[in-house]
Every structure is written in C-alpha cells, then in structure tokens.
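>>> Here is a sequence together with a model predicted from it:
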Amino acid sequence: MIAFLKSCLGIAFLSLLGLVVLVFVLFRKSTHCEKINLSLEDKQWYQAYAKCDTIWFKSNKGKLDTLIISSRDNRYSPCNKFELSTHIFQEMNIKMIPPFCPEDESYCRVEISLSKRYQYKPDETCEKIISVFDLNSNFKETDSLIKMDSIHLNGFVGKILTYYFEKDDRFSQSYGWMKIKSFNWSKEFGLVRYNRNNEIFELYRN
C-alpha cells in the first residue's frame with residue numbers, strides 16, 4: 001500500500017513538474033517577440049536633436065521663438081503575441097515646447113514621431129508624423145507627391161533640401177489656434193522654417 005502511494009505521489013509530482021515546465025516554456029515563447037527596427041534612412045530624421053537642446057527661430061519681423069527639446073524617446077512597442085503581434089516595433093519620438101506654453105497643450109509644441117509598427121520589411125521607410133504647433137502632417141517620404149524645396153537660411157552655407165508641407169495639402173491637417181500655414185523640415189537640421197499667420201520664422205544661428 002505504501003509503495004502504491006509512493007508511486008502515485010511520484011507520478012503526480014512528475015505530472016506537476018511537467019506542467020510547470022510547459023507553462024514556463026509557453027510563457028517564454030509568449031514574452032519573446034522579434035524586433036523590427038527602423039531603417040537607417042528613417043533614423044536620419046531623428047539625428048538633429050538631443051534632449052535639453054534649445055533652438056531659436058527668428059521671424060521676418062524680428063521676433064524670436066524659442067523651442068526646448070523636452071523629450072527624445074527611443075522605444076519598442078509592447079510584446080504581446082496573443083493580442084498584438086509576434087513582433088515588437090521600434091518607435092522614436094521627439095517633442096519640443098516653447099517656454100510660454102504648458103507641456104500638456106497639444107497645439108503648442110513641435111513633435112516628430114516615427115513608428116515601424118506593422119511594417120515588417122527592415123529597409124522599408126516608416127510612416128512619419130510631424131506636428132508643428134497646430135499643423136499636423138502624416139506621410140511616407142517615398143510618396144512621389146511630397147513637395148521638396150531647396151531653401152537658403154542666414155548663417156548656413158549653401159541651400160538646404162527640405163520637405164515642404166502646407167495647410168490643406170494631401171498630407172496635412174490644421175487644428176487649434178496657432179495658425180501655422182506651412183513648414184519646412186530637413187533631415188539634417190530638423191525644423192528650419194514655418195509660416196505662422198503669414199509671419200515667416202527661420203532657424204536662427206548667432
């Protein structure tokens with residue numbers, strides 16, 4: 001009888017151990033997702049700024065705007081194989097705020113977001129979202145309809161190739177009260193020019 005009980009306990013222990021191992025393996029598999037990184041070309045959009053940088057813009061009327069880099073994030077989406085995806089996707093975000101605006105005011109900041117979410121080809125350029133105060137542009141740089149503009153800025157050598165977005169074009173929508181009509185964005189220098197209520201602000205170097 002005792003031998004029988006020992007045998008049963010041994011089988012139960014082995015069964016429990018097997019169940020624990022199975023749960024552990026399933027847990028490991030469910031929490032290990034393959035990384036999908038932004039392409040090198042995408043990351044060029046992220047190189048112009050470092051956290052806590054301060055940049056200035058001077059208008060054609062002599063006014064100065066100041067922007068402070070308040071956050072510069074590089075992260076991956078959550079790993080959840082059952083509800084989301086077997087992959088995690090790299091995301092980058094830079095946020096700039098002027099001193100005169102509260103940080104939680106969505107129309108009073110400049111922000112660029114890059115996300116590889118649900119784009120599985122490593123070399124494929126990702127979707128980009130740029131918000132310059134209340135003008136929001138959502139695009140892929142490979143779109144043939146994006147406007148390019150070579151501009152000259154005081155304090156810079158030669159012309160700068162920029163992506164040009166304006167209110168009510170194919171990629172942009174306007175919200176809020178800042179009345180941004182257009183902006184120019186350079187991969188190398190970031191935001192370089194914007195039109196706020198017909199006043200032109202350009203990146204300023206002393």
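The structure has been received and is ready for your questions.

>>> Tell me how many other residues crowd the spatially closest residue to L67 that is not a sequence neighbour.
Of all residues not flanking L67 in the chain, M96 sits nearest, at 4.2 Å (Cβ to Cβ, 6 or more residues apart in numbering). In this view, the C-beta of every residue, glycine as well, is placed from N, C-alpha and C. Burial of M96 is recorded as 22 neighbouring residues (other Cβ atoms under 10 Å).

>>> which residues pair with M96 across the strands?
Residues in a beta bridge with M96, per DSSP bridges, are I69, V110.

>>> and it, what does it touch?
Shown in contact with M96 (Cβ atoms under 8 Å, 6 or more residues apart in numbering): 49, 55, 67-70, 109-111, 191.

>>> Can you add neighbour count and pLDDT and give those back as TSV?
Formatted as TSV, these follow (neighbours: other Cβ atoms under 10 Å; pLDDT from 0 to 100):
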residue	neighbour count	pLDDT
Y49	19	93
I55	20	95
L67	21	95
I68	15	94
I69	19	94
S70	14	91
R109	22	88
V110	25	93
E111	18	93
L191	23	97
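
>>> pLDDT weak spots in the protein?
1-31, 83-84, 102-106, 206 (pLDDT under 70).

>>> Okay, and the residue sitting nearest the centre point of the chain sits in which element?
For the chain, S113 is the residue whose C-alpha lies nearest the centre (Cα atoms, centre = their mean; 2.3 Å). According to DSSP states H and E, S113 maps onto strand 110-115.

>>> pretty sure the residue nearest to the centre of the chain contacts K128?
Yes: under the criterion of Cβ atoms under 8 Å, S113 makes contact with K128 at 7.2 Å.

>>> which ones are touching K51?
Applying Cβ under 8 Å, 6+ apart, the residues near K51 are 69-72.

>>> Distance of it relative to F82?
35 Å (Cβ to Cβ, to the nearest Å).

>>> can you check C108 too?
39 Å.

>>> What of I160?
Distance from I160 to F82, by Cβ to Cβ: 47 Å.

>>> Pick out whichever of the two has more residues nearby.
Shown here are I160 and F82; by other Cβ under 10 Å, I160 has more neighbours (19 against 7).

>>> beta partners for the more buried one?
I151.

>>> correct me, but it touches S186?
Yes: if you go by Cβ under 8 Å, I160 and S186 touch, sitting 5.2 Å apart.

>>> Overlap in contacts, those two.
V192.

>>> residues contacting E34?
Contacts of E34 by Cβ under 8 Å, 6+ apart are 86-88.
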